[in-house]
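Q: this one's structure only:
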């Protein structure tokens, strides 16, 4: 398939649009945080609690019916005492049904939520892969309340994935856990079109062998310094470092955070956000296409500026907002000391030699195999930002060029750019003219009605006279004692269905349709308070139609 081309580079607009469509489905009935064009986090805790309460209430009702049937078959002698005894037993079973305790005072046996008939593509970390492992875990005794919530979350996620497939024809994978970091790791275990649940019992085996750089915020310089200073390389080794030694190395607060992170405990919440935090476009320059001069930098900044302008305009039309920050980011390969100043032939040759050495080292480190990222070996990412004065291609290109020039002046040993990206962020509400007028006129009607209600004797007649006898209220413009403000009206929209009972219903139906609790379930909801949130990570939507 030929990838569309625009502004001298691949155009992934279709991919972005598909990602937005997937988000619109995933965000229905749960809290959704869009992490990138094709990745999202979901908080399904509230929905999982309701599902668990419904299942517990249904189990209790079934138990009551069974007990009632047994009572009808028994004789009348001693029936009253027997009813009292059995009522106590049923109450204990009801408590066990919500994952709290069984008759022996331990935890419940098995998962309360029924296992769906088809669990194709499901996995549980630490169990045999596929349906056999899922079924075995579902029936295991000793399920905690957190396990019960994860199981309910897995059912919810499967339904969301099915909705995406049914409506859009796309597949997606997912990880279900009690934190963002574990959900992300779980999502990467089985792809494509699969989902993996990460129970507490599997966390240590999942985390311990991982390189430290795989953890959030430890993939850069800080992670490298931490590994060097402590003499460790894996998450398991980090978890084994005594807290007092961690505190001596990085301070008390950071040490506590690292200790929790090494156990998979991540306090970051899923924040309702279905719109991207930034709009960006970029271009990579492999091999001899790498940029070594400012004139080429300017040329490509102009092309990127044109694309960015188009996308900002489209975003404002759709979402009534404008960015305030411009960022230029470059991936660069730098030479060593002692090279000729500037970007002349000698400096370029020196950088080329450094690139070759870095690439060779990367191949050697990878067992002699070339990978898609070998050509980036030794690359350093540099970002510079400034206020976005005007969302116009020429202006953004000029401002970005100034930032690159300032960076290049300090690179006396030469440089080579193998990737360049332009992004706009820090959005503020900025309705279009039409939207502002519509909002003002829509607000005018209720204001006029309120004014007439407060002054029913016809005081509005003098206002109409001021307008030359025209009936101003008929045109939707309220004229009264209030003042008119020309400040922008917020154009931001509440994220669709940020929680159970959200603001919008999608074509495939709201999740509430099959999660609405019965009266008995509502009464049992208080007994299912979450010990931990259920976090889902949906990574890199598989946006190939199947």
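A: The structure has been received and is ready for your questions. These numbers were taken from a predicted model, which means no experiment stands behind them.

Q: mind listing the strands for the stretch 201-350 of the chain?
A: Assigned by DSSP state E, counting those that start in this stretch, the stretch 201-350 of the chain shows strands spanning 279-284, 321-334.

Q: Reformat those into a markdown table and put mean pLDDT next to each item.
A: Shown next, in a markdown table, are the strands of the stretch 201-350 of the chain (pLDDT from 0 to 100):
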| stretch | mean pLDDT |
| --- | --- |
| strand 279-284 | 93 |
| strand 321-334 | 92 |
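
Q: Of those, flag the one that's most buried.
A: strand 321-334 (a mean of 20; mean count of other CB atoms under 10 Å). Where you see a C-beta, it was placed from the backbone N, CA and C, and this is true even at glycine.

Q: Relative to residue 261, which of the strands of the stretch 201-350 of the chain is closest?
A: Nearest of these to residue 261, taken as CB to CB: strand 321-334 at 26.4 Å.

Q: ok and that closest one relative to strand 279-284, angle-wise?
A: Calculated by axes from the mean of the first three to the mean of the last three CA atoms, to 10 degrees, strand 321-334 forms an angle of 20 degrees with strand 279-284.

Q: for strand 321-334, packing partners?
A: strand 279-284, helix 294-319, helix 345-365, strand 380-387, helix 393-409, strand 415-429 (3 or more CB pairs under 8 Å, 6 or more residues apart in numbering; DSSP states H and E).

Q: Next one, pLDDT for residue 157 please.
A: Note on residue 157: pLDDT of 96.

Q: How about the one 5 residues further on?
A: Residue 162 is assigned a predicted lDDT (pLDDT) of 96.

Q: Count residues in the vicinity of it, would you?
A: Residues near residue 162, counting by other CB atoms under 10 Å, number 12.

Q: Now do the same contact list for it.
A: Contacts for residue 162 (CB atoms under 8 Å, 6 or more residues apart in numbering) come out as none.

Q: Wait, a helix at it?
A: Yes - residue state for residue 162 (DSSP: H, G, I helix; E, B strand; the rest coil) corresponds to a helix.

Q: Kindly provide the distance from it to residue 26.
A: With distances taken as CB to CB, to the nearest Å, residue 162 is found 12 Å from residue 26.

Q: same check, this time on residue 153
A: 13 Å.

Q: Who has more neighbours out of the two?
A: Each of residue 153 and residue 26 has its neighbours counted (other CB under 10 Å); residue 153 has more, 32 against 27.

Q: Return the per-residue confidence for that one.
A: Reported pLDDT for residue 153: 96.

Q: Find the nearest non-adjacent residue to it, please.
A: In this structure, residue 153 finds its nearest non-sequential neighbour in residue 534, 3.8 Å apart by CB to CB, 6 or more residues apart in numbering.

Q: Look at that neighbour and say how many residues are nearby.
A: Here the number of neighbours of residue 534 (other CB under 10 Å) works out to 29.

Q: hang on, isn't it packed against residue 176?
A: Yes - counting by CB atoms under 8 Å, residue 534 touches residue 176, with 6.7 Å between them.

Q: list residues touching both of the two?
A: Listed contacts common to residue 534 and residue 176 are 150, 153; contacts here mean CB under 8 Å, 6+ apart.

Q: for this protein, which spans come out with low pLDDT?
A: 1-3, 63-64, 66-109, 334-378, 433-532, 540-546 (pLDDT under 70).

Q: can you rerun that using 50?
A: For the chain, the stretches flagged by pLDDT under 50 are 90-108, 336-344, 351, 362-363, 365-366, 370-372, 374, 434-443, 445-531, 544-546.

Q: Appreciated, that's everything.
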